[in-house]
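Engineer: After the sequence you'll find the predicted model.
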Amino acid sequence: MPQSTATAGWRNWAGNQSARPSRVVSPASAQELGEVVRRAAAEGRTVKAVGSGHSFTAVAAAGDGVLVRPDGLTAVRDIDHEAGTVTVESGLPLHRLNRLLATAGLALANMGDIEVQTVAGATSTGTHGTGRDSGSLAAQIRAVEIVLADGSVQHCSPTKNAELFQGARLGLGALGVISALTLGVEPAFLLTAHEQPMLFDEVLERFDDLTAVNEHFEFYWFPHTDRCSTKRNNRSQGPAAPLPGFKAWLDDDFLSNTVWEGACRVGRRFPAAIPTIAQLASRAWSERTFTDTAHKVFTSPRKVRFTEMEYAVPREAADTVLRELKALVERSNWRISFPVEVRTAPADDLWLSTANGRDSVYIAVHLYRGSPEQGYFTEVEKLMTAHRGRPHWGKLHTRDAEYLASVYPHFGDFTALRDKVDPGRLFTNDYLRRVLGA
């Protein structure tokens, strides 16, 4: 039987979401998970699964229902070199998956910029990196094992239960609880990262070219400045030339986390100092190039805690939106210590993907934990929605089902599937009621 805790509370990584479920369980198999679901249904309680808690929204909050922790679902079931797939249980953290794949001479095609999430948590909320040709983690899914509201364990793929597969790849936990995923993988590869400071206008003037000639391009703009930090990742034949250990620690841990945490604390205490801090920070990132194992280049340690809003806008609107965002900051009294992150993704066919049917540019804004909102997120959201932006499901936004139905062509397909597989709303919570409807 799954381990159970009666009164344990839950809080997400950022500390802005919490819940006190009636029960916390850690099933060790899909069959045990099915028993959890059947028992909760019999008691009239909802069921929600959580991963590492890196969503800023309450997408995984269980309220007073049953909270499923995937600690017991971390096995690697199969690695198929010939098919180019790996089948893993839902609670396996990405950092463990990356190292297991590397040992097997394999790798994921693309990743986000952190690797602490569980595989199901990352895919269910649309976690993505940046890529000219490769999309989100959910777009790399080849098959899903999911426990539905009746406790049954269902398997789906493009050729089996295809409708369920289409929804479950990126399902917000609204269709059931994922117990295992099969992901497409490929032979391990090296990436060469070239990081370079660049002025804001130059980045936007060259944006089309930079995103066309590089496999993975992203940049950070520092509000209150005209400066950006750009990053280009491209596959390399090698040899590997990673950053020396001390240099990697100095740049990516000490400066990017320890020193940055201190700067953010000063800015929170003395907001008038933030523009000066931004000028200094924007000059602290120097040009560098290194070559390393793919997942080590895609991801970095992120220890400074913050809240985040991110929208995907149509590729053709990106230049306008970014220039309007910069003008919005310049004419406001805001004091924004965190840089704005900009990434890209190709169109995909996942019903609830922020890149569904259109090439997209992701624009993410952040606030250091405990900082006043100042109207920053509110006004940025108005700008994004004016350009038919789609909010990242795991990041802060105020959109509801009516708005989302207007920007997702297959929104009705997903909600119809939800009506079919969970008519009693066993897997709902307040967040899902807002974004999907009752």
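Structural biologist: Right, received. Where do you want to start?

Engineer: start to end distance for stretch 171-183?
Structural biologist: End-to-end distance of stretch 171-183: 16 Å, with C-alpha to C-alpha, to the nearest Å as the criterion.

Engineer: and that stretch, what's its mean pLDDT?
Structural biologist: Across stretch 171-183, the average pLDDT comes to 98.

Engineer: following the lowest-mean-pLDDT helix or strand in the chain, which helix or strand shows up next?
Structural biologist: Lowest on mean pLDDT, DSSP states H and E among the helices and strands of the chain sits strand 3-5, with a mean of 56. Next helix or strand after strand 3-5 toward the C-terminus (DSSP states H and E): strand 10-11.

Engineer: So which elements touch that following strand?
Structural biologist: Packed against strand 10-11 by the contact rule (3 or more C-beta pairs under 8 Å, 6 or more residues apart in numbering; DSSP states H and E) you find strand 18-19. C-beta here means a position set from N, CA and C on the backbone, and glycine is covered the same way.

Engineer: for the most centrally placed residue in the chain, what are its contacts?
Structural biologist: Central residue of the chain (C-alpha atoms, centre = their mean): T127, 2.8 Å from the mean position. With contacts defined as C-beta atoms under 8 Å, 6 or more residues apart in numbering, T127 is in contact with 112, 117, 121, 136-138, 394.

Engineer: quick one: which of these is nearest to R38?
Structural biologist: R38 has its nearest neighbour among these in G121, at 23.2 Å by C-beta to C-beta.

Engineer: wait, the closest one sits on K48?
Structural biologist: No. Using C-beta atoms under 8 Å, G121 is not in contact with K48; the gap is 11.4 Å.

Engineer: what touches both of these two?
Structural biologist: Here G121 and K48 share the contacting residues A60, scored by C-beta under 8 Å, 6+ apart.

Engineer: ok, which stretches of the stretch 301-438 of the chain are strands?
Structural biologist: With DSSP state E, counting those that start in this stretch applied, the stretch 301-438 of the chain shows strands at 306-314, 340-345, 360-368, 390-391, listed in chain order.

Engineer: Point out the other helices and strands that the shortest one packs with.
Structural biologist: Using 3+ C-beta pairs under 8 Å, 6+ apart as the contact criterion, the neighbours of strand 390-391 among helices and strands are strand 306-314.

Engineer: Which neighbouring elements make contact with the strand it packs on?
Structural biologist: Counting by 3+ C-beta pairs under 8 Å, 6+ apart, strand 306-314 packs on strand 360-368, helix 376-386, strand 390-391.

Engineer: Show me which of those has the highest average neighbour count.
Structural biologist: strand 390-391 (a mean of 26; mean count of other C-beta atoms under 10 Å).

Engineer: Can you tell me what sits against it?
Structural biologist: Residues from elsewhere that reach strand 390-391 (C-beta under 8 Å, 6+ apart): 309-313, 354, 360, 381, 384, 397, 399, 404, 407-408.

Engineer: and these as a markdown table, adding distance to S18?
Structural biologist: Converted to a markdown table, the contacts of strand 390-391 look like this (distance: C-beta to C-beta, whole Å):
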| residue | distance to S18 |
| --- | --- |
| M309 | 19 |
| E310 | 22 |
| Y311 | 25 |
| A312 | 27 |
| V313 | 31 |
| T354 | 26 |
| S360 | 31 |
| E381 | 23 |
| M384 | 27 |
| H397 | 19 |
| R399 | 22 |
| L404 | 25 |
| V407 | 30 |
| Y408 | 29 |
